[in-house]
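[1] one predicted model, sequence on top.
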Amino acid sequence: MYKKALIITSKLAQDHEFIYPFYRLKEAGYEVSTFNNETKQVLGYFGTKIPPKEEDKIITADEVIVDEYETLVLPGGIKSMEILRLNKEVLKIIRDFNDKKKFIAATCSGVMLLISAKIIKNKNISGYYAWKDDIENAGAKFVDSPCVVDENLITSPHYKYVGEWMKGLISKLK
């Protein structure tokens, strides 16, 4: 079976939180598909093209077949989360990944998608410190750590920890 990963993001995503996992997963031998809420390249908050090359695979929500993927990555970016949290198809995809116990890696405000998908109750979750109340109100335990792994969820608080976050994900994928 070919290794495949899905990144769900949108315009104004936190560039570091998209680009590092995108290339780290490719380096680990994964085919990476990007759902960016559009059918063309968009720009991250600092201007990074998402996905980086026009020939990189952009898919729509109805093209996502969860069984074809090993992992889902949710980069942060508060403006991106404001867009994605309103997309019921995105939330369903996240729930489907979780129901199948596939690995879901979320960082910073990407954790807000886990909250909106209602999948963090009774879990240990890291995220940006400003989301501590939201995480706890969703029934999870907030953990202030560079990377927290709780079963199939791999979470991190900030782009300065993308190395630890991806190390946590890659170690689970092996």
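    Yep, it's here. These figures come from a predicted structure and were not determined experimentally.
[2] got the contact list for the closest residue to Y128 other than its chain neighbours?
    What sits nearest to Y128 in space, not counting adjacent residues and going by CB to CB, 6 or more residues apart in numbering, is C108, at 4.7 Å. Heads up, the C-betas are built off the backbone N, CA and C, glycines and all. By CB atoms under 8 Å, 6 or more residues apart in numbering, C108 lies in contact with 14, 17, 75-77, 127-128, 156-159.
[3] try it again at 7 Å.
    14, 17, 76, 127-128, 157-159 (CB atoms under 7 Å, 6 or more residues apart in numbering).
[4] and the gap between it and L114?
    As judged by CB to CB, to the nearest Å, C108 and L114 stand 12 Å apart.
[5] what of K26?
    With the distance defined as CB to CB, K26 ends up 24 Å from L114.
[6] so for these two, which sits in the more crowded spot?
    The residue with more neighbours, out of K26 and L114, is L114; 25 against 13, by other CB atoms under 10 Å.
[7] and the more buried one, that one's in a helix?
    Yes. L114 forms part of a helix when assessed by DSSP: H, G, I helix; E, B strand; the rest coil.
[8] hmm, N98 and it touching each other?
    No. Contact between L114 and N98 fails when scored by CB atoms under 7 Å: they sit 8.4 Å apart.
[9] can you list residues touching both of these two?
    Joint contacts of L114 and N98 (CB under 7 Å, 6+ apart) do not exist.
[10] enumerate every residue touching S116.
    By CB under 7 Å, 6+ apart, the contact set of S116 is 85, 91.
[11] give me the pLDDT for it.
    With respect to pLDDT, S116 has a value of 97.
[12] kindly report the same for T39.
    88.
[13] how about I170, secondary structure?
    Applying three-state DSSP: I170 is helix.
[14] burial measure for it, as a count.
    When neighbours are counted by other CB under 10 Å, I170 comes out with 19.
[15] distance check, the closest residue to it other than its chain neighbours against L91.
    Counting by CB to CB, 6+ apart, I170 lies nearest to A28, which is 5.7 Å off, once chain neighbours are set aside. Distance from A28 to L91, counting by CB to CB: 27 Å.
[16] next one: N98
    11 Å.
[17] what about those two, which has more around it?
    N98 (21 against 18).
[18] OK, contacts around A138?
    Counted by CB under 7 Å, 6+ apart, A138 has contacts 115, 120-121.
[19] just the buried residues out of the residues you listed, in PyMOL syntax.
    Only the buried members of the contacts of A138 enter the following PyMOL selection, criterion being 16 or more other CB atoms under 10 Å:
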select buried, resi 115+120
